[in-house]
Every structure is written in C-alpha cells, then in structure tokens.
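Peer 1: Sharing a model that was predicted from the sequence below.
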Amino acid sequence: EKLEKLKKALEEKYNVNLIHDYDCVSIVGDNIKKYKKINQIMNTIKNFDIKLTSYSSNDMTLSFVINKENSKNLVKSLHNIIFPYYNFIHKEEAWWKKLLEIEGPDRCKYLYNLNVIEEKINNLKSMKSIDNIYYAVKANNNSDIIRFIHKMGLGFETVTLDEIFHIKESLKIENKYLNILYTPNFSNIDDYNFVFKNFDNCVKVIVDNISVIIDFPEVFRDKEIGLRLDLDYGYGHHNKVITQGQDSKFGMTPQDVIDNLKLFEDYNIKIIGFHSHMGSGINDFNHWVNNLNLIINVYNKIPKSQNKIEWIDIGGGFGINGIIDFKELDKQIINIKKTFDKNIKIFIEPGRYIVAESGIIWGKVTQTKFKNNTKFIGTNIGMTDLIRPALYSAIHPIFFKEKMDTEIATIVGPICESGDVLIKNLNVPTNIKPNDSIIILNTGAYGIVMASSYNNRELPEQLIF
C-alpha cells in the first residue's frame, strides 16, 4: 500500500515503473569500506545484473538489489568470499585416484599425465582462426613435456636466453628447426644482441620497452621485431598476474609506437608483429576478442608505408577447468580477421592452460593437531614445493582418502613460515592420520618451476605417469 502511494506521488513528476520479484542482499559489519576483502566482493558482483547498490552512511551496510532468480547465487558467491570453506569433488575416473589408497611417499613428488596435455592442445588446435600456438615455457620446463609439446607441433614462448638454451638442449635439434618467440622484460641489451646474431632466423624477438630501442638503436638497425603493447586492458585472477595497466611493468603504450615511427624509419627497424598479453586465469572469451580489437586499432594507426605487420599475438592466460567457450572465441576471431589483411596471422601463447591440469603433487600427512578451534593437518608438501597459495592466494583442489564423516581443517606444510598454508577451511575426512596420502591438483603449471630449496629442502622428483 505504501509503495503504491509512493508510486502515485512520484508519477506527478516522473515516469515510474514498479518492479517485482527482487531481493536485497546485504553485507553487515563494522566499517565495511575498509574490509580487507572489499575488492574481491566488488569484482564478484560484476558477474551479476545488480539493479541498485547502496552503502549506508554509518559504514555498516553494503546492499545489492538483484532479481530473485539470481539472489541465491549472489549470496553463495559473497558467502564464499567472506566465510570461505572448500569441498572439492573429483571425477570418478581420475587417473591419480588409486594413489590415495596407499601410503604417501616420504618426499612429495610431481606427477604429470601427457594424455591431459594432448587433450588441451587439441582443444586449442580446434580453433581454425589461430595460426600458431606458442607454449609458454615458464609454466613448466620439464624436458619430457617440452619434447611432447614439440611433437604436437607447437612453438615455444620464452622470456630468457636460458629458456632458449633449455629448449635447444631438450629437443637436440638444429637452430633452423626451432620455432620460438623471445619476449624478454628488462633484460640486458647483450641478450638481444646474442639472439639476433645466433638465432636470427628461428626466433621472433618481441620488444616490450620503447626506451631500449631509443637507447640502443644500432642493436635494432635493419632488424625485424615485434612490439609488446600495453593497451591498459589488464585482467586476471589476482593483481600479481595482471600484465597490463598503469602498475604493470610490461609493454609499451600505443602512443610510444606512434611517437617513434621516425626512429623506426631512420634505423630501418621493421615492426612485423604486435603482441599483447592481459594476464592469467581468464575465463571469458570476450576479453581476447576485445584485446584483438584494441591491437587492430593500433595497427590501423600505422602509416601504410611503414606497416609491415605479419602477425598479431593476443597472448594467453586461458583459465582452466573447462570454462572457456573456444567455439565462440574462434567464431569471433574469424569474423574479425575478415576486417583486416587476410595475410596477417594470429598467435596465442597459452602456458598454464596446456599443463596445469596434467600435474599433481603426491605427498603424505606428517602430523595432525588441534589448536584452539582449528584442526591442522601437516604434510610434507610445503610452500617450497608449491608457492602459488602463498604468493597468489591460489586455491588448489586437495584430496585425501574418502571417508563418510568429515570435518573442517587447515592444510599446512613443514616450512618455517606462517605463510606455509596450502588451504584453509577445507572439508576433509575425519581421522586423517600420519602417512595417509594427500594429492594436490592443477599443479602442472607454475609448480616445480617456482619451487625453491628454502630451509635446505631438496626439490621434488618429477615423474611422467
């Protein structure tokens, strides 16, 4: 009745539409704008059609108006941020499942399944719009994996000379058979010189800093290079993996390119490619579509007399767990390719997507204890073996031998650091005991390559399973 009266009063000056079947979801607390998870909350609501956002003047309530159909999903998403607990489910046919039935190894191990890598590569190859796939070696530099990926017909994206040497040593092939992108960041100028002199015909050099060309133009005279662009379009699952924008150390701005066209012309530097990488853990295909369109905008600003672009690299950062709609991404890129030079090739450089789900860490429980109200399960897998949870707050599915009854526990490693936590608030079987197996999933990427010998620990063994 009150709403109808309000509607009638407002209609004297405005067009009014009374909308039904909406809910108001509120977060209530003290000084919410300073809540440490407020950025996570605001990033989450971007995924919902919020009709109204309200912040109370007493700093105690943040509210969102949303239709009833989606309000439960919003509540669930917000609840997982504010009061997170995890309950993972694995596929019945999981290749590693039998390992949970036996005692864990005395030292944790990395195990890799090449069948998973093959499946991921075939998913990418199904996109007819993509002309070349370059595997980002920094994700996992295991020589067996490198040889397998080479056998599948992929090239390699590298950041350092050491990675180039490692590929060459792993494959044991002549330079002319290498297919490598070299994308250094703040490297020594001598590294560029070395690549130009020794790998000129098999390595595509991508420069991500206009200053290095301005300071050392003779190094780049008469050379063909790609340019890494910062299009101010960074995206990713954590701010430490976003690679574009004001705070990112990567790339040059489009204006840097435009302002130095004369420099390129004076030294006969041929710009044959544009490269742009947004970040990591991206699941919405529209971001690569948008990124490609932004690159084309720069391409269109280059005078025809100097425009020698042969390829465009839209980067990587593909999320895992089968969320990306590759068919739609392929369709969109095919449509975009019709609008510019048909001879220009499109590159991608996925690393984590190809190998992450192929890898597990297999370890064992060492101790358990209760302290205050927290159950701790200690393992022989530490932040020295897998640093992603400590570095990125990354969440990796973790499994123990299945039992009927469960409890909430925090899973930790043996390293002398408070940050040595694999996951908090995990729903685990009760009565987990020392020597039980533990398996951590999605560790094929940025696992062993970021491992360290801190606390004088040996690096884990790697096995092809």
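Peer 2: Good, I have the coordinates.

Peer 1: Tell me the neighbouring strands of the longest strand anywhere in the chain, and mark each as parallel or antiparallel.
Peer 2: Longest strand in the chain, counting residues (DSSP state E): strand 359-371. Sheet pairing here is set by DSSP bridges, and for strand 359-371 it gives strand 109-112 (antiparallel), strand 374-379 (antiparallel), strand 437-440 (antiparallel).

Peer 1: can you pull the contacts of residue 380?
Peer 2: 104, 106-108, 363-364, 366, 413-414 (Cβ atoms under 8 Å, 6 or more residues apart in numbering). To be clear about C-beta, it is placed using only N, CA and C from the backbone, and glycine gets the same treatment.

Peer 1: what residues does the longest strand of the chain touch?
Peer 2: 96, 99, 103-106, 108-113, 140, 375-381, 385-386, 400, 414, 432-445, 447, 460.

Peer 1: Take these and, keeping just the buried ones, write it as a PyMOL select command.
Peer 2: Buried residues within the contacts of strand 359-371, by 16 or more other Cβ atoms under 10 Å, are selected in PyMOL with:
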select buried, resi 96+99+104+108+109+110+111+112+113+140+375+377+378+379+380+381+385+386+400+414+432+436+437+438+439+440+441+442+443+444+445+447+460
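
Peer 1: Just the terminal-to-terminal distance for stretch 168-177.
Peer 2: 10 Å (Cα to Cα, to the nearest Å).

Peer 1: what comes into contact with that stretch?
Peer 2: By Cβ under 8 Å, 6+ apart, stretch 168-177 touches 143, 146-147, 150, 178, 198-199, 201-202.

Peer 1: What are the buried residues along that stretch?
Peer 2: Neighbour counts over stretch 168-177 (16+ other Cβ under 10 Å) mark 168, 170-171 as buried.

Peer 1: Which one of these is nearest to residue 406?
Peer 2: residue 170 (43.5 Å; Cβ to Cβ).

Peer 1: State the pLDDT value of that closest one.
Peer 2: Confidence at residue 170, expressed as pLDDT, is 97.

Peer 1: Over to residue 369?
Peer 2: At residue 369, pLDDT is 95.

Peer 1: who's it bridged to?
Peer 2: Going by DSSP bridges, residue 369 forms beta bridges with residue 376.

Peer 1: Return the set of buried residues in stretch 182-201.
Peer 2: Within stretch 182-201, the residues that qualify as buried are 182-184, 187, 191-192, 195-196, 199, counting by 16+ other Cβ under 10 Å.

Peer 1: Can you tell me which of those is nearest residue 291?
Peer 2: Nearest to residue 291 among the buried residues of stretch 182-201, with distances taken as Cβ to Cβ, is residue 183, at 15.7 Å.

Peer 1: wait, isn't that closest one in contact with residue 275?
Peer 2: Yes. Taking Cβ atoms under 8 Å as the definition, residue 183 is a contact partner of residue 275 at 6.9 Å.

Peer 1: Please enumerate the shared neighbours of these two.
Peer 2: Joint contacts of residue 183 and residue 275 (Cβ under 8 Å, 6+ apart) are 206, 208, 228.

Peer 1: mind listing the helices for the stretch 251-400 of the chain?
Peer 2: Remark: helices assigned in the stretch 251-400 of the chain by DSSP state H, counting those that start in this stretch are 254-259, 261-266, 286-299, 326-337, 352-355, 388-392.

Peer 1: Straight-line length of stretch 311-331, end to end?
Peer 2: 19 Å.

Peer 1: tell me the SS of residue 84?
Peer 2: coil (DSSP: H, G, I helix; E, B strand; the rest coil).

Peer 1: Now do the nearest residue to it once chain neighbours are set aside: how many residues are near it, please.
Peer 2: Spatial nearest neighbour of residue 84, chain neighbours left out: residue 425 (5.6 Å); criterion: Cβ to Cβ, 6 or more residues apart in numbering. Using other Cβ atoms under 10 Å, residue 425 has 14 neighbouring residues.

Peer 1: Contact partners for residue 96?
Peer 2: Here residue 96 is in contact with 111, 113, 360, 362, 439, 465 (criterion: Cβ under 8 Å, 6+ apart).

Peer 1: And it, how far from residue 178?
Peer 2: 34 Å (Cβ to Cβ, to the nearest Å).

Peer 1: same check, this time on residue 341
Peer 2: 27 Å.

Peer 1: Mind checking which of the two has more residues around it?
Peer 2: residue 178 (18 against 10).

Peer 1: That one touches residue 200, doesn't it?
Peer 2: No. Residue 178 lies out of contact with residue 200 (Cβ under 8 Å); the separation is 11.4 Å.

Peer 1: I figured residue 123 hits residue 325, correct?
Peer 2: No. The criterion here is Cβ under 8 Å, and residue 123 misses it with residue 325 at 11.3 Å.

Peer 1: So which of these two has more stuff around it?
Peer 2: For the pair residue 123 and residue 325, the greater number of neighbours falls to residue 123 (16 against 13), based on other Cβ under 10 Å.

Peer 1: Sticking with the more buried one, tell me its helix or strand.
Peer 2: helix 114-125 (DSSP states H and E).

Peer 1: And residue 76, what's its pLDDT?
Peer 2: 89.

Peer 1: Reformat the buried residues of stretch 168-177 as a markdown table; add distance to residue 351.
Peer 2: Output for the buried residues of stretch 168-177, formatted as a markdown table (distance: Cβ to Cβ, whole Å):
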| residue | distance to residue 351 |
| --- | --- |
| 168 | 19 |
| 170 | 16 |
| 171 | 17 |
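
Peer 1: ok so, going back, part of a helix, is the residue nearest to residue 84?
Peer 2: No. Residue 425: not assigned to a helix; according to three-state DSSP it is strand.

Peer 1: Tell me how far it lies from residue 354.
Peer 2: 31 Å.

Peer 1: picking up where we left off before, pick the most deeply packed of the helices of the stretch 251-400 of the chain.
Peer 2: Comparing the helices of the stretch 251-400 of the chain by mean neighbour count (mean count of other Cβ atoms under 10 Å), helix 352-355 ranks first with a mean of 27.

Peer 1: other SSEs contacting it?
Peer 2: Contacts defined by 3 or more Cβ pairs under 8 Å, 6 or more residues apart in numbering; DSSP states H and E place helix 352-355 against helix 114-125.

Peer 1: Measure how the helix it packs on sits relative to helix 326-337, angle-wise.
Peer 2: 30 degrees (axes from the mean of the first three to the mean of the last three Cα atoms, to 10 degrees).

Peer 1: how about the following helix or strand past helix 114-125 as CSV, C-alpha atoms only?
Peer 2: Downstream of helix 114-125, the next assigned helix or strand under DSSP H and E is strand 132-136. What follows is strand 132-136 as a C-alpha-only set of coordinates in CSV (Å, rounded to 0.1, in the frame of the first residue of the first chain):
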residue,chain,number,x,y,z
ASN,A,132,50.3,-20.6,-34.4
ILE,A,133,50.3,-21.8,-30.8
TYR,A,134,53.4,-21.0,-28.7
TYR,A,135,53.7,-22.8,-25.4
ALA,A,136,54.9,-20.5,-22.6
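
Peer 1: For strand 132-136, give the mean pLDDT please.
Peer 2: Rounded mean pLDDT across strand 132-136 is 97.
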